[in-house]
Every structure is written in structure tokens, then in C-alpha cells.
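Visitor: From the sequence below, what's the structure:
(chains A and B)
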Amino acid sequence: MAYVYIPVQNSEEEVRVALDQLPRDATDILDILKAEQAPLDLWLIIAREYFKQGKIEQFRQILEEGSSPEIDEYYADVRYERIAILNALGAYYSYLGKIETKQREKEDYFIQATKYYNKASRIDMHEPSTWIGKGQLLLAKGDVEQAFNAFKIVLDGDRDNVPALLGQACVHFSRGRYSDALELYKLDPENVEALVALGISDLQINEAAFIQSGMEKMHKAFEIYPYCATPLNYLANHFFFTGQHFLVEQLTETALAVTMHGPTKAHSYYNLARSYHSKGDYEKAGMYYMASVKESNRPHEFVLPYYGLGQVQLKLGDLRSALTNFEKVLEVQPENCDTLKALGHIYVQLDQNEKAKNYLKKATKIDPRDPQAFLDLGDLLISTDIGAALDAFKTARNLLKRANEEVPLDLLNNIGALHFERGEFELAGETFKEALGEGIWCNLFGAEGESFPHMPQTNAEGEAPGHEARESQNRRVQTNLINSAQYPVDVNSSIHQYKDLQLFHRLEEQGLSVELPWNKVSTLFNLARVFEQMHQTESASILYRLILFKYPEYTDAYLRLAAIAKARNNVQISLELIGDALKVDEKCADALLMLGDLELKNDDWVKAKETFRAAKDSTDEKDSYAAVCLGNWNYFAANRNEKRAPKLEATHYEKAKELYTKVLLQQSANLYAANGAGMVFAERGQFDIAKDLFTQVQEAASGSSDVQMPDVWINLAHVHFAQGNFALAVKMYQNCLRKFYHNTDSQVLLYLARTHYEAEQWQDCKKTLLRAIHLAPSNYTLRFDVGVTLQKFSASTLQKTKRTVDEVRDTVAELKNAVRVFSLLSAASNLQFHGFDEKKIETHVAYCKHLLEAATVHCELAEREERQNMQRLEVMRQMELADESRRKAEEQRKYQMEKRKQEDELKQVMQQEKHLERIKEQWKSSSSGKRKDKPQTEDDEGGVSERRRRRGGKRRKKDKRSRYESEEAEAEGEDQEEAEYDDTNMGYREQYNDANDNEDKEGDIPQDVLAATGLEDSDAEDNAAAPSNANRRRRAWSESDEDEEPFQRQPEADHGTDMQQESDGEGNAAGAGAADDEE
Amino acid sequence: MKLAPLNTVQNAHDDSVWTAAWVPATEVSPPLLLTGSLDETVRLWNPEGPEKVQTNTGHCLGVVSVAAHPSGRIAASASIDSFIRVFDVATNNTIATLEAPPSEVWQLQFNPQGTTLAAAGGGSASVKLWDTAEWKLIAALEVPRPEGLKPSEKSGSKKFALSVAWSPDGRQIACGSMDGTISVFDVPRGKFMHHLEGHCLPVRSLVYSSAPLDSRVLFSASDDGHVHVYDAERKTLITSMSGHSSWVLSVDVSPDGAAIATGSSDKTVRLWDLKMRAATQILTSHNDQVWAVAFGPPLRTDVRSCLLASVSDDKSVSFYKYS
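Guide: Below is the predicted model:
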């Protein structure tokens, strides 16, 4: 403990004052000092002690008292002490001026300081310490030259005056002449300040060697005097970088204890904060940063704690405060990349992407070599601008590569994923492969095998394998191992191939290590997705299986395999795989949705609905996909109902609409829900609204590359069709077919055919249907439709008032085709290939034959007209005909005898048909049918109800139903009551609705439905004309003329609906073709 | 191994071309290509030029298959109306008109010995065989219903016979159906042998390998976009090759047995190296579905190369040189 002893005046006693127990009120001490007339150096000691203890007020009080005029008078001869007091005050004020920011007060302090120094000078002009003080003051004022002079005066008197030298060094230092400064500092190796200054000047040079020597000096200064804050801070700083956090804390705490100087304290707090920060103690770090900021409070002088504070606040989630601090940093250093990045990061979290983007872009512009900035920018842009994000990521990758740094897997994965989204599958694949590096998978997708087990080597070049060849040989051996582990597969298990994980066991048995690090799994999955997109399904499947082999919990891999199996129509395996996924996670929404989809495909309606519900529940109703699926379900259910209860239908539509609307409210851009809503509108006949909706959806869908929505095209086409815009509908169907289906979808072709039919473009209709048959050979409905089209074409041609001979000939040919088509269907019906009613088809056969007969009459008539123009030719022809006739007549007469009975029956049929036609005419005229040749139901059904949806893999199959139905009804000419007729239509409707529900079974029309139509009296036609058709055909090929042969005519009046007027009154109708067909 | 495009006949037909087959050369005629189309005609092409040699009419409702007798003198064509017309290649005289009601007729194929014509019989789920001497129907090889079939399932259209192929020795027939199964028959004994499973969508084209040691190897093309390679006798799947982005409509094997060519709805023709088990070349000369690809006989000038023809919905016929 330090004491000062104040001698008591006129005695030997002394008053002992403990320096560390100075009274808070300096007046007490002053009273003693004055009373005892203590020597001035004691005053100074006490004042200094107060200063050390931070009691500035008391310090000043004592010194001011000590420099008052009374003291001057009383101690007039004590010069040195008086000067010292004045100098101390001067130094104090010059310090105050130095740290004061406000210009006026700063000057005031300097004036005060100047005043004291001048007073000191008046006492003794030559006192060096005064000059040093003055020099310091001038330095503080920035007047370097004057300061230099002041120090020089001292040095002129005493060349080794240390403070003066230090001051001089300072001057040099400010002038940037470090070496001069060094020279001067070196004079006093034990002087702490000198060491510190030297240290700083070393550190300023910023080279490794100097930094080291700087730190050494700091260390030395610390050892000499451990309570000087500056070296403490520097040392702390040093230990921070060397990672000795314990030392940092100790040093800075000491530094804090010994200094009052704001900036220094700020520095200390900063060091402390930084230490905690790096240790992850963000609470404490934040506190100290805050203290540091408070201490200096001027970002321009010491910006680092603001940055640290921002970082900590960011870590602690206080985004707003962090934002403020980083922005302060940015004010000081507008080009600070880290701050820009941090700000970008914060704005991303605050969902202000635009601002974030600007900051990050600026950061990348300022430092175009900072991969991190590009990474952040890329991350930010992913959701908004794929192209720009990709560019940013690529730049980051290139930067890393150039710096020979390892490109992180995530970055490559992101680049690949973005390529994938842009549809650049090749690039995506390459990137993923790069990300994956070497591994077992290389052999899996490099699946270039050696020859098949049985394939002979045709490559006879036999060159010696070079080095590379040997390497690839190695690879090939492994690949072969894999191939031989995979193949051959027994065909009975080949459909289970997508579930086979044994392959990898076999590989392991053969000594191949099957490894897959977890961090590469998602990249491998992505690569498999690329393979899928590039239709390298086998490679994709094996990669998915590899994932499952190692990580059987990876449900997505199950689902992709299930999707592959589903695409290949392997429903069973697909279901099993989804089951596997659900075993892992029974609430997996994706699996449930896929399951529901498959259930719909399998016609498990109730199950499907439950599954969709479960999916919806498992996602807390957040998944709009599940809601859309349920909406679709309701939509289909409305159409599907067998009894066609209008009430139920309305409920289902309402429910569907509700679901779609709900989704749309949450996500106004959900194309699928909008499409669904459009369907409901169309279903209710609000075509214009529906059209608007569909058009918008279509535009949106064509705008993005990853949305494939053929349904909306079809729906739009349906609306055009329903509104009678056939040309537009045709175009739309065709575009859709080309764009989405590789022209392979027979269902869309059927829609197209229906449109042609409605537009009465018979040839187009026929060709379209033939294409559909070619694509879907087992769909017998299409054949039936062809027959009806041919029949309709013929009937309509014959109805025309003007027609050329060629037209009539075509008609005859097409009628023959129709008869052939119907006959074949009829013959096939007893083999149960399809669900048509035999009798029904017979009716068609009969009707077509009848038409054919009439057509031949027309043909004759038309040709006769032509004959008038070309009489000579005609005469020759007649002669030939006559010859031919005679030959044929004999045959025909015989035949006719046998068939007389049958014909009578046919006659009866035709009478009934006529009757029906009359009733129908009445009925038609009473209704408001749009087109006169089809029954009312058609307007309701044919056009409107054909919307389809495909999301969820389900599409509504409504064949052209009523269209043909009506034709059939017309063609049949059955004697049915009006009510029965309605039943017929109803029967069809149900039947089509059935067919709607299973995509695969387009042709499978339940047989019994048509039975309901009843056709008791067409027995005459029961024995199909198949064998004779062959004859006919043969004749046709050998260019026979017998068509012209006269033949006993049928009683025309009894027949026919369309034909009546034309046929009536024909004298001798003839037609060998008809005769043939009658057989 | 490479395909070099030679030339393409645009508008070779008035409508989609659906089928093609090479007619082997005779003493009087070079190898010719036979094509059939939706336009109801069958046309004959000389690849030199190429020029049209002949247009045969007489079919109704689209020609779905053509086949040539190994002698090169006779050929057959079939259309949707289920008639087969057998005709003399040189004169176009009709030799026979065949039908097997109620079955339709899809793919036609003469056996390599030229004694029998086989036709995939569609809904009758059978392969019909006619002898080529008297053109009599001699057998119908029925595809048995698969075991364990649920009674509710309407199997009729499932086993719908679509494609047919003869083994090189003429003792086996493979028949592809709509449900993707392939049925293998022992022809001399008229017996069904077994199914080859693996596809679940229609198998529209089948071909046995032509390499001498691989006569059991069968290639199948399916709507599932895959080409399977089976060992038809051992009932094993040798490999499965994917790459087409839509249905594979046609497959044919090169005379040297080292490559196959496929045509697809994705508009491409692909050449597959069987050693690599991968597509080595993708040709895009067509702009619509490629319905048929057919390797021709080896060239006279260069025995190691031969012609390949492809026909498409775009009405064109293309020729390539395979070497």
C-alpha cells in the first residue's frame, strides 16, 4: 500500500494519506494541503493518484487549486512544481481536446491547454517538459511542423530527452517516416510507450516479419508494465488469432481495468466479444460487442464491433437489429463484401428478395472472385430466376476450381438440379456425375457390357490393349460382373425386376464393395431422375435400387421405381413398391396419392377416395395436390353414376368445384385446380367461362417448361367442339396429340374423329379412326365407329341431290367396307372379343346392305346420266353388261329362291324402321335439337361432357357414345316404342360411363348392355355373310363387272329412312353387289 | 458399326406408311422394298434411285402388314378389313385371298423355308398358319389364357395377338400380344411352349437374331419404350434396353447379328450395338412416328454392308447403308 506523508506545519508530525483510500471529496485533502502548506509535489502526487483512479473531477480540482494565483504568490519560488502542475493541466486539456469530437469544445479545450502551457512558460522559458507538453498539444491539434519545432527546442537543450524524442518520433510517424520514428524510439529500450509505439509502427508495416517483431515489442512492453491497455489489447488481438481465448479474456479484462480511454476500452470489449463470438457464446459476445459499440459510439472510428454485433444478432435471430448494424458498417465501408453478403442474407430471411438480390449482386460485382457471394446469390435466385441462379452457381464453381479448391457436392448438386429444371438433361447428368465422383455407381450407369452370353464377337480387329484400353478393360470387367449379376433373369421374375435388390448381394458375394455415402444419396437420386428423363430407364432403376439397398428408408426411391413400373403398365409391381414406401412411412402423402391414382386406374373408387382423403389429412390439408385429386374424384363420380341421378351429379359437381375453388384461394396459380374448375363450368354448360379458364391455364402451362398439361388442350378443344367450332377443335386436338402424345393416343384420335364426324368430313373421320385402330388394335369400339362412319357417309352422299358417278361408286365401295366391318364384328361377337350385341350389329349389316342395294341403283342411275353424254361408250358397256347379266342372273335366281323368306322378313324390318322414323321425326321436331339428325341427348352429352382431366393420371374416357348411339338408333330401324328407344340410349350411356373408368379397357364394352336394345325381328340376318365376302372380294380384285348385273329389286317402299324419296319409283333397280351382300 | 443415310422418298405414299418388308433379289430383279400404307395401297420400291416400281391397289381400310416370301417372287399384304392378299411380286397378279374369320390379321411373316405364312390373329388370340403350296389354313396356334386369371377379367383383348416372328430354323414362332406377353410355340408339334414375360404394354414387333449361334435370341419392341432381349428357349431375359421416349414400334436385327435397329413413336430410328447394350446412333430423318424398320439383304458390292429402310407416318420412306 502506497502512502504519502503530508508534513504538519511547525512540527515533526506528518499526516499519512493512503493513496488508494483518498477521500471522495477532494476538498478534505485540499484543506489539509492548504492548511499544512504542503509541498507542491505532494499536490501533484495526489492529483495524479485521483487521475489514475478515474476521479477526474478531484484531479482537476486539486490541480486548479494548485495553480491558483494564491498558490503562485505563496509558492512563488517553487518554480518547477508549479510548472509541473500547469503542464499536467495542459496535458489534461490537450487530451480532452484530442478526444473531443465537437469542434467548438475541442478548440475550447485546446485553448485551455495552451493557456496553461503559456503560463508555465512564463514561469520558466526553458523548461523542457513544457515544450514537450506544447509539442504534444500541437501534435494533437495536428500542427505537426510546430510540434516538431517544440520538440526540437527541447532536444537542442538535451539531446537525449526521451519524451521529446518520442514526440519527435510521433511527428515522424505522422509524417509517415517510420524508419526515422524507429530510430528515435530505439533510444529508450525500456520505455513502455516507446515500445508500444514501435510495436504499432511495426504492425503498421503489415508484413509477417514485422508483425512478429511488433508483437514481440508489445510483449516486452507488457512485461515491463503490465497495466498499459494498448499492449494488452494488441496482445489479446494476437492471442485471438492464435486461438488462445483464455489469454484473450485475461488480457482484455486487465486492459479494461486499467484504462479509461474510450476507444481503447472499445477495443478491449471488442476483443473480448470476438473471443466469445468465436467460442459460440453469442449471448456474451453480443453483450461485449454492445459495450464496445457504446464505448466508442462512432462507427467511423471503430467499425468492427458493429459488424460483430450484426453477426451475433443475425445468429440469435434478431434480424432487424442486425440489419441496422450491418447498414452502419456499410455506411463506413460501402464496399465491404462480407457486409453486403450479410445484408443480402438478412433480406432473404425478411422475404425482401429484391433488396437481397441487389446487395448480393453488388457484392459479386465488387469482388467477382468470391465464390461465396455467388453461391448466396445463386441460392437466392433459385426460386425466382433459374437461369441467373445457374449462372451464379457456375461462376462459383469456376472460381473454386480456379482456386484449386474442392467444389462442394451441394454446389454441383444445385447446378445439376437447375440444369434438370431447365430440361438440359445431358448437362445435368454430367454435373451430377462430377459431383458423385468415383464409386460403384460408375459401373452401374456405364453399363456397357461385353457381348451377350451367346453373342459371337464380330469385331475381329484383335489389337493389343494399350494402357487406356487396359483401364477400360478393368472397368468393363466390373461392369460385366454387374451385368451378369443382373442378367439373365428368368422371365417369370422379370416383371419383378424393379424390386430386385439381390443383385447387390450377388455383387458383394463376388467381392465388389457396394458403398454409398449418405451425402451422395440425393445426388445419386437426382442422377437417376436424369436417366429417367432421358429414358434410360434401366440405369435409373438400378440406381434407385442401389439407394434402397443401402438406405431402405428412402421412400422417394420406392416411389420413382413405382412410377417407372406404372409407366410400363406394371401395375402390380407399382402397387407393391408403393406399399413398401408406405411401410416406411405410412403417412407419406406422395405414396398415398400415387396409390389413390393406381386405385382409380384399377377402378377401386371407394378405396381411391379413402386414400386421397388419407393423403389430404396426412398433410394437414396443406397439400393442394391431394385436394385437387379429391376434386377430380368428385368430378368423375358425378359422371360415373350409373343411374345418372341429377341430384347426386349436382352434389358431386358442387363438391368438386368447392375443392378446386378452395385450392385456388390458397394458390391462385394452381393450374390443375383452375383446369378442374373449368371442367365443372363446362359441365354445367357455361362454356364461355370455361373457355376463359382453359385458355388462361393453357397459356400459363405453355409458358413453363416443366408443366405438361395436355388435358387443358383437350378440354379447350372440347369446348370449341361443344360450341360448334369444329375447325378450331380439330386443330387443337391435333396439336395436343403431336405435342404431348407422340401421336400415339387413340383416345384423342377418337375425339378428333368425332369432331370430323360432326363436321361431316367423312374421309377425315374414317382415316382418323383407322389410325386409332392401328394404334389400339384391340379396341373394337373403334371398328364399330368406322362402320358407322362409312354408313353415315354413304347415306349422306345418297341423300345429296347432285352427285357424280365417282361419288356414288365411292359410296358403294365404302358401303361394302361397312358391311365387311360390321360382319366381322358380328362374327367376332360370339367369341366374346368385345361387348357388342350381335343382333345390333346384324341390324347394321342389314341396313348397310340395304343402302348398298339402293346405292347400286343410284350408281346405275348416275351412270345412265353419264351415258347420255357418252352414248357410244355406254352402248358398248351395255352389251358387256348384258353378257355378264345373263351369266349371273341364273345364279342369282337360284340364290334368290332360297333367300326369299329372309327377304320378306327384312321387308318387315324396313317397314318398322319407317314407322320408327316417322315417330322420331315427330319427336325431333318437338324437341329443340341443335342438329337435326341426332337425338336430343346428344346435345347434352356428346359435346359437353367430354372434358377430361389427367392430373393424377386419370382421364375421363367418354367415347363418342351418343354420337354413334344415335346413328345406330337411326340405322336400326327397329320397331321400338319411343320409351324403348330412350332405354337404348340410356343403356349406352351407362355403358360408356363404365368404359370411362378404365383407361386400358377402352374396347371392353359390357355385352349385356346392348342386349337391352332388343332386336327380335332381324333373325333373317343372323347368318353372317362372311364366306361370301371372300368371294366378293376376290371378284373385286379381279376387276369383275358383275356389279352391273340386273337383279330383282327389293320393294323399295318398305325400306329405308334416308333413301325413301330417291328409291321410290325406281323402275328396275339392280345391283349385284347387293345381291352378294344379301347372302 | 454405323448407319449412313442414303436418301428419303418424301410422299412415297398418299398417307401414313405403316409397314415395310424387303423382297429378296431374284435372277431378274434386285432386292425391292415393299411398303403398305393407310392410303390402301402397297408399293414396291427399287432402292436404286430410289424409284417406285409398282403400286398395288385392292386393299380397303389401311394396309397394316406386308411380308415377302424368301424366294422373292411372292409377297403378302394384310389390311384392317382382315383380308390377306397373296400376290406375284413381278406381275401383281392375285394368287390367293386369305382370311380366317372372325380373327383379324395383323403382322404377317413367311417362315424362312418359305413353306408357311403366319399371321398374328388379333382378337382370336392365335397365330394362323397357311401353307404356301395350296394356301390352305393348316393350323391355328392358340395363346392359352394365363393361369390364375380372374374370371371377371375380360381376357379377350388382353392376349390379342399383334406380332409374330419365326425362329431361323422355322421350328419356333413367337407371338406378341397387347398385354405385353410373348408366347412361344413349337410349330412342328403345333404346341404352345411358354410365355416370355417382362413387358406389360403391347409388343408390336418381334424378331429372332440372325446370327448363327444366337438363334434362340429374340428381340421384342414394346409400347413401354423398351427393347427386351430374351433367350426364347431358356425363358430368360438377357437384357432390357431403354432410350426411346415413346413406343417402340418396330425392331429388326442386322444380317451380321451385331446390331439391331428400332423405330419409335418418338420419330427416331436407333441403331443399337448389342455388345455395348446401348444405342450408338440416333437418326432423325422422319418427322412423325416410325412404324417400321427393315434390314435388307447384304449388298452385292460389299458383303459386309446392307441397306436399312424405315417408313413413317410422315408418308416418307428412308434408306440407309449399314456397315
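Visitor: So which residues on the stretch 851-1000 of chain A come close to chain B?
Guide: For the stretch 851-1000 of chain A, no residues are found near chain B under the criterion Cβ under 8 Å from any Cβ of the partner chain. C-betas here are computed from N, CA, C, even on glycine.
Visitor: Point out where the stretch 851-1000 of chain A drops to low pLDDT.
Guide: Within the stretch 851-1000 of chain A, the segments meeting pLDDT under 70 span A:863, A:866-867, A:872-874, A:920-1000.
Visitor: and stretch A:664-672, what's its mean pLDDT?
Guide: Per-residue pLDDT over stretch A:664-672 has a mean of 81.
Visitor: Around the residue lying closest to B:Ala232 once chain neighbours are set aside, count how many other residues there are.
Guide: Among residues not flanking B:Ala232 along the chain, B:Leu218 sits closest, at 4.3 Å (Cβ to Cβ, 6 or more residues apart in numbering or on different chains). B:Leu218 has 27 neighbouring residues, counting by other Cβ atoms under 10 Å in any protein chain shown.
Visitor: Wait, a strand at B:Leu218?
Guide: Yes: using DSSP: H, G, I helix; E, B strand; the rest coil, the assignment for B:Leu218 is a strand.
Visitor: Who are the contact partners of residue 41?
Guide: Since you didn't name a chain, this refers to chain A. If you count contacts by Cβ atoms under 8 Å, 6 or more residues apart in numbering or on different chains, A:Asp41 has them with A:81, A:84.
Visitor: That was the other one, I meant chain B.
Guide: Applying Cβ under 8 Å, 6+ apart to B:Thr41 gives the contacts B:13-14, B:55-57, B:59, B:63.
Visitor: helix or strand for the spatially closest residue to B:Val184 that is not a sequence neighbour, which one?
Guide: For B:Val184, ignoring the flanking residues on the chain, the nearest one in space by Cβ to Cβ, 6+ apart is B:Met193 at 4.6 Å. B:Met193 is located in strand B:191-196, with elements delineated by DSSP states H and E.
Visitor: counting contacts, what elements does that strand pack onto?
Guide: Here strand B:191-196 touches helix A:491-494, strand B:182-186, going by 3 or more Cβ pairs under 8 Å, 6 or more residues apart in numbering or on different chains; DSSP states H and E.
Visitor: can you give me the angle the longest one makes with strand B:191-196?
Guide: Right, strand B:182-186. Computed by axes from the mean of the first three to the mean of the last three Cα atoms, to 10 degrees, the angle separating strand B:182-186 from strand B:191-196 equals 150 degrees.
Visitor: Go through strand B:182-186 and flag the buried ones.
Guide: B:182-185 (16 or more other Cβ atoms under 10 Å in any protein chain shown).
Visitor: what are the C-alpha coordinates of the strand holding B:Met193, in CSV please?
Guide: The C-alpha coordinates for strand B:191-196 follow below in CSV (Å, rounded to 0.1, in the frame of the first residue of the first chain):
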residue,chain,number,x,y,z
LYS,B,191,-47.9,-76.7,-79.4
PHE,B,192,-47.7,-73.8,-77.1
MET,B,193,-44.4,-73.9,-75.2
HIS,B,194,-44.3,-71.0,-72.8
HIS,B,195,-44.8,-67.3,-72.2
LEU,B,196,-42.0,-64.7,-72.0
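Visitor: buried stuff in it?
Guide: B:192-193, B:195-196.
Visitor: Please work out which residue of the stretch 151-300 of chain A is closest to chain B.
Guide: A:Gly280 (51.5 Å; Cβ to the nearest Cβ).
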